[in-house]
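In: what follows is a predicted structure for the sequence shown.
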Amino acid sequence: SEHAALRDNAAETMRWATAMWGTVRERQNMERLIQQAEADGDWDMLKQFAKTVLDDLELGSTELRDTDSTGKPLVSTLRCRVHVYEAGEDSSWPPSLIADSWDACQAAGRTEKKTYPGMSHDELCAQS
């Protein structure tokens, strides 16, 4: 995979991810977590964060389109009703990254969104 080299280095993975998608505050918080892991020698939490980010990237995504593979317009526009659930403490897909990005997919108006404060990405996405 494109990001295979990051799989063995949780600190670099999280530095890269927060540089790509994080806010200044999120980058600072991540740097503190990395420093704590270095001091304690306990990398379990960072390895889990890094695995989540890289697993999501490997799943991949494509932009929604209103044309077929040859460029011919589809009979109807791909629009749907969207309800977004986000975790307030998500370091993989933080609320600041999600923002209003789903509004373009909404049939009309703004996307409904529910934020769960204090919840992590893995807690929100856990199978239950």
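Out: Now that the structure is in, tell me what you want to look at.
In: mind listing residues that contact the lowest-mean-pLDDT helix or strand in the chain?
Out: Counting by mean pLDDT, DSSP states H and E, the weakest-scoring helix or strand in the chain turns out to be helix 95-98, with a mean of 83. Outside of helix 95-98, the residues within contact range by CB atoms under 8 Å, 6 or more residues apart in numbering are Trp21, Gly22, Thr23, Glu26, Val84, Glu86, Gly88, Lys113, Thr115. Heads up, the C-betas are built off the backbone N, CA and C, glycines and all.
In: burial count for the nearest residue to Pro73 once chain neighbours are set aside?
Out: In this structure, Pro73 finds its nearest non-sequential neighbour in Thr67, 5.6 Å apart by CB to CB, 6 or more residues apart in numbering. When neighbours are counted by other CB atoms under 10 Å, Thr67 registers 10.
In: ok, Thr67 to Leu54 distance?
Out: Per CB to CB, to the nearest Å, Thr67 is found 31 Å from Leu54.
In: for Glu26, same thing?
Out: Relative to Leu54, Glu26 is positioned 17 Å away (criterion: CB to CB).
In: what about these two, which has more around it?
Out: Between Glu26 and Leu54, counted using other CB under 10 Å, Leu54 has the larger neighbour count: 21 against 18.
In: could you verify that the more buried one is part of a helix?
Out: Yes. Counting by DSSP: H, G, I helix; E, B strand; the rest coil, Leu54 falls inside a helix.
In: skip the chain neighbours and tell me the closest residue to it.
Out: His3 (5.6 Å).
In: most centrally placed residue in the chain?
Out: Computing the C-alpha centroid of the chain and ranking residues by CA atoms, centre = their mean puts Trp93 first, at 2.6 Å.
In: show the pLDDT at that residue.
Out: According to the prediction, Trp93 has pLDDT 81.
In: hang on, it packs against Leu57?
Out: No. The pair Trp93 / Leu57 is not scored as a contact, 11.1 Å apart, by CB atoms under 8 Å.
In: got a list of contacts for whatever helix or strand Met14 lives in?
Out: Element membership for Met14 (DSSP states H and E) is helix 10-21. Helix 10-21 is contacted from outside by 3, 6-7, 26-27, 30-31, 33-34, 37-38, 43, 46-47, 49-50, 53-54, 91-94, 97, using CB under 8 Å, 6+ apart.
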